[in-house]
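>>> Following is a predicted model, sequence given first.
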Amino acid sequence: MKKLFFVSALSLFSLAAFSQDAVNKAMVDQYRKDKEKSDKDATDAKSSAKAAFWLERAKLYENIALQGSEVDSSAAKTALEAYKKVVELDITKKGEPGKSAKEAQNVINGGEGTQLFNAFVKQGAEKYQAKNLNGALEMFIGAQEINKKDTLASLYGGIAAQQLDKKDIAKEQFEKYAANGGKDPSVFYGLAQLYRAENNFDKAIETLNKGLVQSPNNKDLKAEIVNILLASGKEDQAINELTALTKSDPTNAQNIVNLAILYDNTSTKATQKIKEIQNKLGSGGNKAANMAKKLESEKENISVYDGELKRIGALIKKQPKNADLKRQLTDVTGKKKEALAAIATMEADVKAAQDAAKGNDVAALEKELAELKVKQAEAAKQAIANYKKVLEIDAANYDALYNLGVFYFNEAVQLKGEVDNMNMTEYQQRGKEVEGRVCGKFKKAKPYFEKAIQAKDEAEAKENLTTVNGVLEQFAGKGVACVDEQ
């Protein structure tokens with residue numbers, strides 16, 4: 001997919017229809033002499049006061065632009081200025097345009113059969129070829145003054161402006177091209193890129209949709225809509241667009257990979273959000289209640305320590321030289337001190353948990369959690385289905401193989417977190433069963449990493465495979481049987 005945009009300027013070279021190869025050297029020499037005379041007469045008060053002089057000068061410079069640019073590379077501009085001078089001077093006694101003024105105005109307006117527009121475009125192309133981009137842009141903009149509905153000059157003007165990094169002018173030129181009925185999809189793509197660079201995502205998508213009106217089946221325009229939707233954080237819309245692309249082009253493996261990645265990302269984000277909500281719920285009433293129970297239990301230990309201290313104290317009175325009793329007294333005193341410190345910390349934690357519970361709308365959080373779990377499960381299902389669909393088309397597709405491996409690897413890591421958070425009682429009840437499922441998911445990831453490495457020798461796949469093999473060896477050493485979940 002394109003990352004940078006430069007409309008091909010090769011068509012500029014086709015303007016060699018105005019080639020100088022066939023121009024007679026004598027004609028060019030004559031143009032040079034005629035130009036010198038016209039330039040001299042332009043400073044003469046008597047000559048420069050006549051519309052006829054300016055009309056003749058306009059035609060001379062127009063011909064120079066079309067046939068002898070080596071005489072004056074900007075002759076088209078001088079021709080336009082001269083035509084405007086004719087309009088200014090040739091006015092009848094009734095205040096109306098004279099015959100010459102009408103003729104000149106017709107040329108300025110790009111009337112049928114006139115050539116001044118072509119003169120500007122030709123000299124603009126010549127400047128472009130000579131790497132004089134500023135001069136080329138000036139000429140192309142001048143051409144648009146003559147024919148405001150043309151697409152050629154606005155296209156080339158946009159190209160020159162973009163290469164000059166004059167983004168605002170480039171946008172203006174390409175917008176004119178589009179408004180005048182231009183159809184080249186690369187222009188719409190490039191214009192959208194300019195808007196995207198400004199984070200004007202809505203305008204970028206609007207531009208791409210305009211391009212699709214002209215080129216309904218253009219894959220680059222459709223794919224770029226997806227990219228921009230992703231860049232603007234509209235993943236759900238991107239999924240819809242990409243789903244439509246995969247249906248219209250079911251053998252395009254890259255589109256299906258991209259769709260799988262979108263679902264994969266959606267699943268990951270939903271999983272993260274689920275954890276956040278579970279933590280919020282965990283910091284609510286249930287957590288506060290559990291912490292309060294532990295606090296009461298710890299307070300009960302104080303009375304036990306006090307009783308023990310009383311007992312040891314009575315014995316020491318009877319046996320004041322007993323070193324073991326003194327040691328016991330020191331030990332119990334230290335434990336009581338630690339328990340009192342723990343109680344102070346726990347009291348603060350209980351208060352914090354109770355305060356946190358007050359700020360949570362438990363019902364709303366539980367509703368959101370249920371919805372997220374459904375969304376996560378569906379996204380995960382679609383991600384796997386589309387990765388596997390890619391492998392049906394291209395069994396050696398690295399992205400699908402690697403991402404499937406990562407998918408199962410991450411599921412294993414997440415499930416292992418459950419085991420890590422179990423207390424001894426919970427582990428004794430179901431720890432081994434969950435470990436078997438963890439092992440099964442790591443085992444499921446392994447062949448995808450192996451095939452990914454065969455498809456493309458990438459370090460990331462190798463590192464993950466090494467990790468998986470190490471984990472599986474640990475499970476084997478513990479005698480954990482891998483459970484393959486379908």
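All right, it came through fine.
>>> Can you pull out the low-pLDDT segments for the stretch 251-400 of the chain?
282-290, 353-361 (pLDDT under 70).
>>> same check, this time on the stretch 1-150 of the chain
1-23.
>>> at 80 instead, please
1-24 (pLDDT under 80).
>>> in it, which spans are strands?
Assigned strands in the stretch 1-150 of the chain: none (criterion: DSSP state E, counting those that start in this stretch).
>>> how about the helices of it, start to end?
10-13, 25-41, 51-67, 75-89, 99-108, 116-129, 133-146 (DSSP state H, counting those that start in this stretch).
>>> Comparing the ones you listed, which comes out most buried?
Among these, helix 116-129 has the highest mean neighbour count (mean count of other Cβ atoms under 10 Å), at a mean of 24. Yep, even glycine has a C-beta here, placed from its N, CA and C like the rest.
>>> Next one: K210 from A292, what distance?
64 Å (Cβ to Cβ, to the nearest Å).
>>> Now do the domain split for this structure, please.
In the domain annotation for the chain, the residue ranges read 11-182, 284-359, 395-478 (automatic domain parsing).
>>> Take those and write them to a markdown table, including distance to K247.
Formatted as a markdown table, the domains of the chain follow (distance: least, Cβ to Cβ, whole Å):
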| stretch | distance to K247 |
| --- | --- |
| domain 11-182 | 28 |
| domain 284-359 | 45 |
| domain 395-478 | 19 |
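>>> wait, which of those domains is closest to T251?
Among those, domain 395-478 comes nearest to T251, with 12.6 Å by Cβ to Cβ.
>>> residue ranges of the helices in the stretch 201-350 of the chain, please?
201-214, 219-231, 235-248, 253-282, 285-318, 323-358.
>>> okay but Y177 is in contact with T151, surely?
Yes. The pair Y177 / T151 is scored as a contact, 5.1 Å apart, by Cβ atoms under 8 Å.
>>> more neighbours, the two?
Taking neighbours as other Cβ atoms under 10 Å, Y177 and T151 compare with Y177 leading, 25 against 19.
>>> helix or strand for that one, which one?
Using DSSP states H and E, Y177 sits within helix 167-179.
>>> correct me, but R437 touches Q414?
No. In this structure R437 lies outside contact range of Q414 using Cβ under 8 Å: 11.1 Å.
>>> Compare the two (neighbour count), which wins?
More crowded of R437 and Q414, by other Cβ under 10 Å: R437, with 18 against 13.
>>> any idea how far that one is from G95?
96 Å.
>>> and what of R196?
On the measure of Cβ to Cβ, R196 and G95 end up 53 Å apart.
>>> When those two are compared, which one has more neighbours?
With neighbours defined as other Cβ under 10 Å, R196 and G95 compare such that R196 has more, 20 against 6.
>>> counting contacts, what elements does the host helix or strand of that one pack onto?
In the assignment (DSSP H and E), R196 maps to helix 185-197. When contacts are defined as 3 or more Cβ pairs under 8 Å, 6 or more residues apart in numbering; DSSP states H and E, helix 185-197 packs onto helix 152-163, helix 167-179, helix 201-214, helix 219-231.
>>> Can you say which of those helices is nearest to A76?
It is, among these and with distance given as Cβ to Cβ, helix 152-163, at 11.5 Å.
>>> what angle sits between that closest one and helix 185-197?
40 degrees (axes from the mean of the first three to the mean of the last three Cα atoms, to 10 degrees).
>>> can you list the residues that contact helix 152-163?
In this structure, residues lying in contact with helix 152-163 by Cβ atoms under 8 Å, 6 or more residues apart in numbering are 5-7, 9, 12, 117, 120-121, 124-125, 128, 133, 136-137, 140-141, 143-144, 147, 167, 169-170, 172-174, 176-177, 180, 182, 184, 187, 190-191, 194.
>>> can you give me the offset of that helix from its chain's centre?
25 Å (Cα atoms, centre = their mean, to the nearest Å).
>>> between that helix and helix 133-146, how big is the angle?
150 degrees.
>>> Buried residues of helix 152-163, list them for me.
L152, A153, S154, L155, Y156, G157, G158, I159, A160, A161, Q162, Q163 (16 or more other Cβ atoms under 10 Å).
>>> Dump those to JSON lines, plus pLDDT and distance to A79.
Shown next, in JSON lines, are the buried residues of helix 152-163 (pLDDT from 0 to 100; distance: Cβ to Cβ, whole Å):
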{"residue": "L152", "pLDDT": "93", "distance to A79": "19"}
{"residue": "A153", "pLDDT": "94", "distance to A79": "16"}
{"residue": "S154", "pLDDT": "95", "distance to A79": "21"}
{"residue": "L155", "pLDDT": "95", "distance to A79": "23"}
{"residue": "Y156", "pLDDT": "94", "distance to A79": "19"}
{"residue": "G157", "pLDDT": "95", "distance to A79": "19"}
{"residue": "G158", "pLDDT": "95", "distance to A79": "24"}
{"residue": "I159", "pLDDT": "94", "distance to A79": "24"}
{"residue": "A160", "pLDDT": "95", "distance to A79": "21"}
{"residue": "A161", "pLDDT": "95", "distance to A79": "24"}
{"residue": "Q162", "pLDDT": "93", "distance to A79": "28"}
{"residue": "Q163", "pLDDT": "93", "distance to A79": "26"}
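>>> Quick check: of those residues, which lies closest to K35?
After measuring the buried residues of helix 152-163 against K35 - Cβ to Cβ - the closest member comes out as A153, at 24.9 Å.
>>> Distance of the closest residue to the closest one other than its chain neighbours relative to K176?
The shortest distance from A153 to any non-neighbouring residue, by Cβ to Cβ, 6 or more residues apart in numbering, is to A143 (3.7 Å). For A143, the distance to K176 equals 11 Å [Cβ to Cβ].
>>> Then Q163?
Counting by Cβ to Cβ - Q163 and K176 are separated by 17 Å.
>>> one step back: out of the helices of the stretch 1-150 of the chain, which is closest to Y408?
helix 10-13 (48.9 Å).
>>> returning to what we had before: going by neighbour count, which residues of the helix holding R196 are buried?
For helix 185-197, by 16+ other Cβ under 10 Å, it's P185, S186, V187, F188, Y189, G190, L191, A192, Q193, L194, Y195, R196.
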